[in-house]
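Enquirer: Would you be able to build a 3D model of this:
(chains A and B)
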Amino acid sequence: MPRLSVYFTRMALANLAVAFSLGGLLLANKGVLISPYIWKLLPLHVEMTLAGGLVQLAVGVAFWILPRFSGAAPRGDERLSWAALVLLNAGIGAAVLAVLFTAPWLALAGRVMEAAGLAAFALGNWKRVKPMF
Amino acid sequence: MPKLTRWLVKASLIYLVLALCAGIGMAVPQAAFFAKNFPVYLHLLTFGWLTQLIFGVAWWMFPKYTQAQPRGPVRLGWAGFSLLNAGLALRAIFEPLNAEMPAALFGWMLVAAALLQWLAGLAFVVSLWPRTKEK
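Expert: Below is the predicted model of the structure:
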């Protein structure tokens, strides 16, 4: 597993650990009311499960297992994929802060960073989607 | 394909079918009970199908833990599988029931479901974490 996939995967697992904890809290609160404010955490649960966990895990594994090129740069220009790691996690962080501090402009910035990160990943790995032989 | 992966993947396929059946129930006009099933439908898909499929394949394909113990602590993986399926089954039964006719017993069953699912998630994360490493 290349180093970038390790980072993507560990960020995904960390996000999932938090998302599972939030999900458990939300469900328990549905069964026995702890606080009505806990419902405000639902967008965080969704964000950290989907973008933070599942998307990031898929991207990390894709970077690892997509067909490679022969030569000095088997995974193409890796700078775009590293940019994707930074932008995606900065975007998730911004989206989380936007919920915690009710800051719509931060949510917008987060979404833009997430989209830019995934576009960078797609661009950097586009040519790796090819026949093996 | 290791045994735990086979169980996770097969369970994920069962949940996919159950989720689609729940989706059919929700689409039935005038079926008020099923209309309250949306959170269960969503979690049958994302937790029952997607999460189990992903962790099943990851358990199989991720780099080896050690040569002697290639997949790390296997009991932890089985604990995750058992906890997830017990928790999700409890949720699928008691969340619609609690929405339809709230009762303390149903509420506490949801708390138990939450605890089981949370522990399942943590078991998967802890079992895969040391296997995310450079070769």
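
Enquirer: pull the helix or strand with minimum mean pLDDT from chain B.
Expert: For chain B, the helix or strand with the lowest mean confidence is helix B:32-35, at a mean of 68 (criterion: mean pLDDT, DSSP states H and E).

Enquirer: Now the element after that one, going C-ward?
Expert: helix B:38-43 (DSSP states H and E).

Enquirer: contacting residues around A:Ser81?
Expert: A:Leu4, A:Phe63, A:Arg75, A:Ala120, A:Phe121, A:Gly124, A:Asn125 (CB atoms under 8 Å, 6 or more residues apart in numbering or on different chains). From N, CA and C alone the C-beta is placed, and that goes for glycine too.

Enquirer: Likewise for B:Val57?
Expert: Contacts of B:Val57 (CB under 8 Å, 6+ apart): B:Thr5, B:Val9.

Enquirer: Likewise for A:Leu16?
Expert: Counted by CB under 8 Å, 6+ apart, A:Leu16 has contacts A:Met48, A:Thr49, A:Gly52, A:Gly53, A:Leu57, B:Gly121, B:Phe124, B:Val125.

Enquirer: With B:Thr51 instead?
Expert: B:Leu84, B:Gly121, B:Phe124.

Enquirer: got it, and A:Ser35?
Expert: A:Asn29.

Enquirer: cool, and B:Gln67?
Expert: B:Gln67 neighbours (CB under 8 Å, 6+ apart): none.

Enquirer: Can you give me the pLDDT of it?
Expert: For B:Gln67, the pLDDT comes out at 90.

Enquirer: ok, so what distance separates it from chain A?
Expert: 16 Å (CB to the nearest CB, to the nearest Å).

Enquirer: Got a PyMOL select line for the buried ones in the contacts of A:Leu16?
Expert: To isolate the buried subset of those in PyMOL, counting by 16 or more other CB atoms under 10 Å in any protein chain shown, use the following:
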select buried, (chain A and resi 48+49+52+53+57) or (chain B and resi 121+124+125)
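
Enquirer: Show residues contacting stretch A:65-74.
Expert: A:Arg75, A:Gly76, A:Asn125, A:Lys127, A:Arg128, A:Val129, A:Lys130, A:Pro131, A:Met132.

Enquirer: okay, those in JSON lines with distance to chain B, neighbour count and pLDDT next?
Expert: Formatted as JSON lines, the contacts of stretch A:65-74 follow (distance: CB to the nearest CB, whole Å; neighbours: other CB atoms under 10 Å in any protein chain shown; pLDDT from 0 to 100):
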{"residue": "A:Arg75", "distance to chain B": "13", "neighbour count": "18", "pLDDT": "92"}
{"residue": "A:Gly76", "distance to chain B": "19", "neighbour count": "17", "pLDDT": "88"}
{"residue": "A:Asn125", "distance to chain B": "18", "neighbour count": "21", "pLDDT": "96"}
{"residue": "A:Lys127", "distance to chain B": "23", "neighbour count": "12", "pLDDT": "93"}
{"residue": "A:Arg128", "distance to chain B": "18", "neighbour count": "16", "pLDDT": "93"}
{"residue": "A:Val129", "distance to chain B": "19", "neighbour count": "10", "pLDDT": "92"}
{"residue": "A:Lys130", "distance to chain B": "21", "neighbour count": "10", "pLDDT": "88"}
{"residue": "A:Pro131", "distance to chain B": "21", "neighbour count": "5", "pLDDT": "87"}
{"residue": "A:Met132", "distance to chain B": "17", "neighbour count": "5", "pLDDT": "74"}
